[in-house]
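Q: Coordinates for the following, if possible.
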Amino acid sequence: MKKRAVWNGKVLAESNDLVNVEGNYYFPEDSLNKEYFSASATHTVCPWKGTASYYSVTVDGQENKDAAWYYPSPKEMAKHITGRVAFWKGVKVEDVD
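A: The predicted model follows:
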């Protein structure tokens, strides 16, 4: 099923090629509307996925800091999310009709 990630009334990503990990949908990097994304200096570590990097999202002058994350070099058990981005902090992932 096709889904899209929406924040502040704009579609950040849309795809039917999704991977669900721990309740989060990971979108392919090439499905992102890159105009809304900027790299963040934030990094976190997951014991089984590895080190996550973040994007902040800016729509109509409003910033949602670290609203998207990805694993540039995931550990072996998480290789299936290589090149994929997930969302939180108020970004809604919804079905596309």
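Q: Run through the strands of this structure in chain order.
A: Under the criterion DSSP state E, the chain contains strands at 3-7, 10-15, 19-21, 24-28, 37-46, 50-59, 62-70, 84-87, 92-95.
Q: Determine which stretch of those strands is the most buried.
A: Ranked by mean neighbour count, the strands of the chain are led by strand 84-87 with a mean of 24 (mean count of other Cβ atoms under 10 Å). Quick note: C-beta positions are derived from backbone N, CA and C, even for glycine.
Q: Are there helices or strands packed against that strand, and which ones?
A: strand 10-15, strand 24-28, strand 62-70 (3 or more Cβ pairs under 8 Å, 6 or more residues apart in numbering; DSSP states H and E).
Q: how distant is the second one from the center of its chain?
A: Taking Cα atoms, centre = their mean, to the nearest Å, one finds the center of strand 24-28 at 6 Å from the center of the full chain.
Q: partners of that strand in the sheet?
A: If you go by DSSP bridges, strand 24-28 pairs up with strand 19-21 (antiparallel), strand 84-87 (antiparallel).
Q: what does it contact?
A: For strand 24-28, the external contacting residues (Cβ atoms under 8 Å, 6 or more residues apart in numbering) are 3, 5, 13-15, 17-20, 70, 81, 83-88, 93.
Q: before we move on, back to that, how about the strands paired with strand 24-28 in JSON lines, adding mean pLDDT and distance to residue 9?
A: Formatted as JSON lines, those follow (pLDDT from 0 to 100; distance: least, Cβ to Cβ, whole Å):
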{"stretch": "strand 19-21", "mean pLDDT": "97", "distance to residue 9": "25"}
{"stretch": "strand 84-87", "mean pLDDT": "98", "distance to residue 9": "15"}
